[in-house]
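K.L.:
sequence below, structure please.
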Amino acid sequence: MKVLIDTNIALDFLLIRNPFYASSVAILAMADKELITCYISASAITDIFYLSQKKLGKNPAKEALKKLLQVFKPAAVTASHIYEALDLEWEDFEDSVQYVVGENFPVNYVVTRNINDYASGSIPAVTPEQFIQVIATDA
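P.N.:
Numbering: from 1, shown residues only. Here you go, the predicted structure:
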C-alpha cells in the first residue's frame with residue numbers, strides 16, 4: 001500500500017508535537033517495517049526542513065530529516081504537477097501540489113490532519129488515526 005504523507009504529519013514526528021506525535025510514530029513504524037510505503041512530495045521536504053530548523057537549529061534539522069527520509073521516500077514534483085495543481089484552484093496550493101503528486105504516483109491514501117483540504121480529490125484523505133485503523137482492519 002502506498003501513502004502520501006502530508007507535511008503536518010512529518011512535522012508532528014520531527015518536532016515531537018503532542019498530542020499528534022504518537023500517531024506519527026505509529027505510521028513511521030509501519031513504514032519502517034515495510035507494511036506500507038510512504039512518500040512525501042519533494043516540494044514539502046523544503047517546507048519541512050525550513051520549519052524544523054527554526055525550532056531545532058540547522059544541523060539537528062538536517063540530521064532529523066535524513067533519518068525521516070530513510071523511511072519516507074521523496075516523490076518528485078514535476079512542472080506538469082505544478083500546472084495541474086494550479087488548475088485545481090484549491091484554497092491551499094501546497095495541498096494541491098501534494099495531491100497531484102499522489103494522484104500521478106498513484107497512492108492509495110493521503111495521510112493528513114487536514115482532511116477537508118483534500119475533500120474534492122479522488123484519493124481518500126484520512127487522519128493518521130483513521131489510517132492506523134485501516135491498516136489494523138486490513139491485517
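
K.L.:
what bridges to S41?
P.N.:
A75 (DSSP bridges).

K.L.:
okay, now it: neighbour count?
P.N.:
Neighbour count for S41, taken as other Cβ atoms under 10 Å: 25. Yep, even glycine has a C-beta here, placed from its N, CA and C like the rest.

K.L.:
how near is it to V71?
P.N.:
Going from S41 to V71 by Cβ to Cβ, to the nearest Å gives 16 Å.

K.L.:
which parts of the helix or strand bottoming out on mean pLDDT in the chain are buried?
P.N.:
One helix or strand of the chain scores below all others by mean pLDDT, DSSP states H and E: helix 128-138, with a mean of 85. Using 16 or more other Cβ atoms under 10 Å as the test for burial, helix 128-138 gives 128, 131-132, 134-135.

K.L.:
what of stretch 14-31?
P.N.:
Those would be 14-15, 20, 23-24, 27-28, 30-31, for stretch 14-31 by 16+ other Cβ under 10 Å.

K.L.:
if we can go back for a sec, ok, residues contacting the least confident helix or strand of the chain?
P.N.:
Contacts with helix 128-138, where a contact means Cβ atoms under 8 Å, 6 or more residues apart in numbering, come from 1, 3, 9, 12, 20, 23-24, 26-27, 30, 35-36, 109, 111, 113, 126.

K.L.:
if we go to 6 Å?
P.N.:
Residues outside helix 128-138 that contact it (Cβ atoms under 6 Å, 6 or more residues apart in numbering) are 23, 26-27, 111.

K.L.:
from those residues, which land in helices?
P.N.:
Cross-referencing these against helices under DSSP state H gives 23, 26-27.

K.L.:
okay if I get the residues you listed as a markdown table plus pLDDT and distance to D87?
P.N.:
Formatted as a markdown table, these follow (pLDDT from 0 to 100; distance: Cβ to Cβ, whole Å):
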| residue | pLDDT | distance to D87 |
| --- | --- | --- |
| S23 | 96 | 32 |
| A26 | 95 | 35 |
| I27 | 94 | 30 |
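
K.L.:
okay if I get those as TSV plus distance to V101?
P.N.:
As requested, the ones in helices among the contacts of helix 128-138 are exported to TSV (distance: Cβ to Cβ, whole Å):
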residue	distance to V101
S23	22
A26	23
I27	18
